[in-house]
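S.K.: My questions concern the predicted model and sequence given below.
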Amino acid sequence: MTTNTPTSPFAGRPVIALLAIAALMLAAANLRGGLVVVGPLVMEIRAALDISASAFSLLTTLPLICFGVMSICVPWFTRRWAPQWIAIVGLMVISLGVGLRLVDNYPLVIVGTLLLGSAIAVLNVLIPGLVKAFFPNSVGLMTGLYSVTLSLGAGLGVYLAIPLLEQFDNWRVPVAMWAIFPLFCLLFWLPMVRVKGVGRPANPVRISLWKDKIAWSITLYMGLQSFYFYSVATWLPKILIENGLDAHQAGTATALINLVSIPFNLIVPILAAKMTNQRVLVFGTFVVSFTGIVGLWWQPDAAPLLWASFIGMGCGSSLSLALSFFVLRANNTAQATALSAMAQSIGYLLAALGPVSLGLLRDINGHWQWALLLMLALQFGQVAAGWSAARAINVVPDQDRTSA
């Protein structure tokens, strides 16, 4: 791991440090809410736009593709503009994207979805690097807080949707909240542009990690854990309903995944930052994730809340570990951003295949057994990638490698 830890730009300045923490956490809270809020409002939105179920599905699948495509562009942005300004513009584009999803015009809604997904992709990659730049001595704690806020933002997006719909009798109200919230966050980000030592590098250099084995291990770990999460989030309710549970029970089990993951979002990065290597955490995450899927495969109706709890532990731990690797395996902010871009670009493209692959296996076989067996098999790939990524070895940019 890094041997010379730089000093925080907020050393001796507690007020601006608290402002920076608030800025990072508020940005994190915006990275899922505007996406997931449409899920509970599917019937109202389809009726307003007069679209089919497949047309509506683009509102949830296109952002994942944007994550994969746009993530790789972030290092290019950071070589030209200060990351604080990129974050500010990203929040403004999130607001615009969500705003366009309020109109009664499906093509404009698609444009808004593309803008929303692209802006979120940029901030997904940017924030781990800013965590390392702002708080180099507290990367474990800050990564944990970031991961928790990410999950809370997603949870609020889902849980507030129906109460706000019922309160105002208008589906646009819960969606509009996620167009206004990013603009409020700008109040905390504008002071960040004056933070010294975190702006655009004087002599920006393109950092490539495509030849680094550790970078590829982290990328594969990120991709497989995302594949796992988005597959489960998409199909768990249907799996449980087809095995005899009612919609309420299935919804409770699915909601439990996010709830259970929150303490692991916080604890795992703190533990990871204190360890020489993180193999114990990688293996523990594998055990709980594997157990949850085995339970679904073996007898899903026997203990659905228990299986969902195991899955939630695994999802929270694996996401937090992946985010921690971005910071712990990089020597500086530029490397952390390049590593985050590489891992998230490929990782989210892989994640986009998850729900489609499982749904296809379900349609071919008429049951979920083969789909769940695929999930179990991929868990072995994930633990192998994590085992390699957990070694106390930092990434080495391609341009720093000496030819044999």
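M.R.: Structure's in. What do you need? Numbering: from 1, shown residues only.
S.K.: buried stuff in stretch 160-180?
M.R.: Within stretch 160-180, the residues that count as buried by 16 or more other Cβ atoms under 10 Å are Leu160, Ala161, Leu164, Leu165, Trp171, Arg172, Pro174, Val175, Ala176, Met177, Trp178, Ala179. Just so you know, the C-beta spots here come from the backbone N, C-alpha and C atoms, and that holds for glycine as well.
S.K.: An error on my part: the question was meant for stretch 349-356.
M.R.: Buried residues in stretch 349-356 (16+ other Cβ under 10 Å): Leu349, Leu350, Ala351, Ala352, Gly354, Pro355.
S.K.: Generate CSV for the residues you listed, with secondary structure as supplementary columns.
M.R.: As requested, those are exported to CSV (DSSP: H, G, I helix; E, B strand; the rest coil):
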residue, secondary structure
Leu349, helix
Leu350, helix
Ala351, helix
Ala352, helix
Gly354, helix
Pro355, helix
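S.K.: Just name the closest of the buried residues of stretch 160-180 to Ile393, please.
M.R.: Closest approach between these and Ile393, by Cβ to Cβ: Trp178, at 39.7 Å.
S.K.: Now that closest one: closest residue in space that isn't a chain neighbour?
M.R.: Distance criterion Cβ to Cβ, 6 or more residues apart in numbering; nearest residue to Trp178, sequence neighbours excluded, is Gly34 at 3.7 Å.
S.K.: That neighbour reaches Val98, doesn't it?
M.R.: Yes: counting by Cβ atoms under 8 Å, Val98 is a contact partner of Gly34 at 4.4 Å.
S.K.: how near is Met25 to Ser317?
M.R.: 20 Å (Cβ to Cβ, to the nearest Å).
S.K.: Comparing the two, which shows the higher neighbour count?
M.R.: Ser317 (28 against 20; other Cβ atoms under 10 Å).
S.K.: What residues of the one helix or strand that one maps to count as buried?
M.R.: Assigned by DSSP states H and E, Ser317 belongs to helix 304-328. The neighbour-count check on helix 304-328 (16+ other Cβ under 10 Å) flags 304, 307-328 as buried.
S.K.: Contacts only, for the closest residue to Gly381 other than its chain neighbours.
M.R.: Among residues not flanking Gly381 along the chain, Leu224 sits closest, at 5.8 Å (Cβ to Cβ, 6+ apart). With contact taken as Cβ atoms under 8 Å, 6 or more residues apart in numbering, Leu224 is in contact with Leu350, Leu378, Gln379, Gly381, Gln382, Ala385.
S.K.: packing partners for the one helix or strand Leu91 maps to?
M.R.: Per DSSP H and E, Leu91 falls inside helix 83-100. Applying 3 or more Cβ pairs under 8 Å, 6 or more residues apart in numbering; DSSP states H and E, one finds that helix 83-100 contacts helix 14-29, helix 33-36, helix 74-78, helix 106-134, helix 172-189.
S.K.: Please work out which of these is packed deepest.
M.R.: Among those, helix 33-36 has the highest mean neighbour count (mean count of other Cβ atoms under 10 Å), at a mean of 26.
S.K.: State the next helix or strand along the chain beyond that helix.
M.R.: Following helix 33-36 in sequence, per DSSP H and E, is helix 42-49.
S.K.: Mind listing residues that contact stretch 254-261?
M.R.: Here stretch 254-261 has contacts from 151, 154-155, 158-159, 232-233, 236-237, 240, 305, 308-309, 311-313, 315-317, 319, using Cβ under 8 Å, 6+ apart.
S.K.: least trustworthy helix or strand in this structure by mean pLDDT?
M.R.: When the helices and strands of the chain are scored by mean pLDDT, DSSP states H and E, helix 53-71 comes last with a mean of 83.
S.K.: Let's see that one as PDB, backbone CA atoms only.
M.R.: The C-alpha atoms that make up helix 53-71 are tabulated as PDB, following Å, rounded to 0.1, in the frame of the first residue of the first chain:
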ATOM      1  CA  ALA A  53     -43.200  -2.300 -20.500                       C
ATOM      2  CA  SER A  54     -40.200  -2.800 -22.800                       C
ATOM      3  CA  ALA A  55     -40.100   0.900 -23.600                       C
ATOM      4  CA  PHE A  56     -40.200   1.700 -19.900                       C
ATOM      5  CA  SER A  57     -37.400  -0.800 -19.200                       C
ATOM      6  CA  LEU A  58     -35.000   1.500 -21.200                       C
ATOM      7  CA  LEU A  59     -35.400   4.000 -18.300                       C
ATOM      8  CA  THR A  60     -33.500   1.600 -16.100                       C
ATOM      9  CA  THR A  61     -31.200  -0.200 -18.500                       C
ATOM     10  CA  LEU A  62     -29.800   2.700 -20.400                       C
ATOM     11  CA  PRO A  63     -28.100   4.300 -17.300                       C
ATOM     12  CA  LEU A  64     -26.100   1.100 -16.800                       C
ATOM     13  CA  ILE A  65     -24.900   1.300 -20.400                       C
ATOM     14  CA  CYS A  66     -24.000   5.000 -19.800                       C
ATOM     15  CA  PHE A  67     -22.100   4.000 -16.700                       C
ATOM     16  CA  GLY A  68     -19.900   1.600 -18.800                       C
ATOM     17  CA  VAL A  69     -19.400   4.000 -21.700                       C
ATOM     18  CA  MET A  70     -18.900   7.300 -19.900                       C
ATOM     19  CA  SER A  71     -16.700   6.000 -17.000                       C
END
